[in-house]
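*Asks:* Fold the stuff below for me.
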Amino acid sequence: MENASTLHDCVKLMKLAKAGKKNGYLLEGMACEGGCIAGPGTIASVNRVRKAVTEFTNRSPYKTPFDNTHIEGESLSE
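*Replies:* Below you'll find the predicted structure:
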């Protein structure tokens, strides 16, 4: 897996993929540097937000959105 974290880097990554240099890779592009938790509208420190997201994830009984009983669809674990 590879990711890019600015529009400029996303364009570079997509050009490499188009040229066949990333065949078979999972590519993730994020317009904001640092991703959603560190985007231009962020009003809290990146470290504080990252910690809060990690804690929320660890407390969640659902490992994937498909495991959530409030969402219709098949579980990935089935």
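*Asks:* Quick one: the strands in the protein, in order.
*Replies:* Assigned by DSSP state E, the strands in the chain fall at 2-5, 27-30.
*Asks:* Now the ones you listed in CSV, please, with extra columns for mean neighbour count.
*Replies:* All C-beta atoms are positioned from the backbone trio N, CA, C, and that covers glycine. Converted to CSV, the strands of the chain look like this (neighbours: other CB atoms under 10 Å):
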stretch, mean neighbour count
strand 2-5, 15
strand 27-30, 15
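*Asks:* possible to save the ones you listed as JSON lines with distance to A38?
*Replies:* As requested, the strands of the chain are exported to JSON lines (distance: least, CB to CB, whole Å):
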{"stretch": "strand 2-5", "distance to A38": "8"}
{"stretch": "strand 27-30", "distance to A38": "9"}
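*Asks:* I'd like to know which of those is closest to C36.
*Replies:* For the strands of the chain, the distance to C36 is smallest for strand 27-30, at 7.2 Å, taking CB to CB.
*Asks:* Just the residues contacting the closest one, thanks.
*Replies:* 1-6, 9-10, 13-14, 17, 36 (CB atoms under 8 Å, 6 or more residues apart in numbering).
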